[in-house]
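**Q** 3D model of this:
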Amino acid sequence: MVEGHGCHRVAAAHRKKLLNLVFAASSPNGRFADGARAIDAKALLDVQVHGKNLFYFFGKARSSPLDFTDVVHIHFGMSGQFRVAAAASEPATKSTTRLRLESSCGTWVAHLSAMTVRHGGEKLYTDAIAKLGPDPLRADAQPELLFARMRKSRKSVGLALMDQSMVAGIGNIYRAEILFKAGVHPEQKCSSIAQPKAEEIWRHSVALLQRGFVTGSILTVDDADAAAMGPPWTRRYVYNHSSCGRCGSDIKSWAMANRTAYACEVCQPLLQLEAEAGAAAVS
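**A** Model prediction:
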């Protein structure tokens, strides 16, 4: 799965190479034929990312980003790619290539394979982002929306961080590592998490995804911790580990909505709500 930081890296590269160029568009495998015809001979005016969703805006050449006429929504799924190559060394298209773009200046070609490729207008974009939570990598993110949803949610925080309508762009590795750094058990109910701890979870989300964007890898262990713990804990704290590099305790792993959750139950104790604890004492 291409995580949020990876989608932002794709967008940054495409803004640098492809923005404002006019493209000939086609659908080699025929699965995006109508959309390709709609954007053919139009310029790429803007690229936006919200979590794991990319949006490409096309319109007339030399127009402002606000003058777009077409939107292409992309979600890579588990193994999608949007590769750019010099036209002179273009690779062969594959059976999964849903969109091929060739710049009119003859410099670049791009091949897209993805689980979701949709074409539409502005409503496609506004409807899609309305269903998504704040993205820790966006400058306009509103973490208050996440905090408000957590206060009202009966979900565990582990499920909430993987729910793109709660917060956009976090995948399974990031979930495990963010919650370890915050000292929060994945099964902790969202509604039981105090505001300062929710803010800490957000800060770790921003910091780790920013690190992933810069490095291109999911590297979650801080330098000082990596030096102190040593191998095998120099990249990840708990994800795919059997013991905790900080305290030596066993790492618990279990299925959570068909994904594997991880926790050190010493460093991430599961705390009961006072009301739950009181009810248990009475019974």
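**Q** Identify the bridge partners of Ser243.
**A** Asp250 (DSSP bridges).
**Q** Looking at it now. What's its pLDDT?
**A** The predicted local distance difference test score for Ser243 is 98.
**Q** Assess the claim that it and Tyr237 are in contact.
**A** No - between Ser243 and Tyr237 there is no contact under Cβ atoms under 8 Å: 11.1 Å. Where C-beta positions appear, they are placed from N, C-alpha and C, glycine not excepted.
**Q** Among the two, which residue is more densely surrounded?
**A** For Ser243 versus Tyr237, the count of surrounding residues by other Cβ atoms under 10 Å is larger for Tyr237: 25 against 14.
**Q** Which strand or helix spans that one?
**A** Per DSSP states H and E, Tyr237 falls between elements, in no helix or strand.
**Q** quick one, domains of this protein?
**A** For the chain, the domain assignment from automatic domain parsing gives the residue ranges 4-130, 143-282.
**Q** What's the end-to-end length of the first one?
**A** Just to be clear, that refers to domain 4-130. 17 Å (Cα to Cα, to the nearest Å).
**Q** got it, and stretch 252-261?
**A** Using Cα to Cα, one end of stretch 252-261 lies 8 Å from the other.
**Q** ok, and for it, which residues are buried?
**A** Lys252, Ser253, Met256, Ala261 (16 or more other Cβ atoms under 10 Å).
**Q** so the second one sits in a helix?
**A** No - with DSSP: H, G, I helix; E, B strand; the rest coil as the criterion, Ser253 is located in strand rather than a helix.
**Q** isn't it right next to Cys264, touching?
**A** No - counting by Cβ under 8 Å, Ser253 does not reach Cys264; the two are 10.8 Å apart.
**Q** so what's in contact with these two at the same time?
**A** By Cβ atoms under 8 Å, 6 or more residues apart in numbering, Ser253 and Cys264 have no common neighbours.
**Q** helices or strands up against the lengthiest helix in the chain?
**A** Here the longest helix in the chain is taken by residue count, with DSSP state H as the criterion, and it is helix 195-215. On a contact count with 3 or more Cβ pairs under 8 Å, 6 or more residues apart in numbering; DSSP states H and E, helix 195-215 meets helix 4-18, helix 143-152, helix 157-162, helix 172-182.
**Q** Now find how far off-centre the third one is within its chain.
**A** Using Cα atoms, centre = their mean, to the nearest Å, the mean C-alpha position of helix 157-162 is found 13 Å from that of the whole chain.
**Q** how about that helix as PDB, C-alpha atoms only?
**A** Written as PDB, here are the backbone C-alpha positions of helix 157-162 (Å, rounded to 0.1, in the frame of the first residue of the first chain):
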ATOM      1  CA  VAL A 157      -7.700   4.600  18.600                       C
ATOM      2  CA  GLY A 158      -6.000   1.800  16.600                       C
ATOM      3  CA  LEU A 159      -9.100   1.600  14.300                       C
ATOM      4  CA  ALA A 160      -9.500   5.300  14.200                       C
ATOM      5  CA  LEU A 161      -6.000   6.000  12.900                       C
ATOM      6  CA  MET A 162      -6.600   3.600  10.000                       C
END
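**Q** Name the residues of that helix that are buried.
**A** Val157, Gly158, Leu159, Ala160, Leu161, Met162.
**Q** Please consider this matter closed, and thank you.
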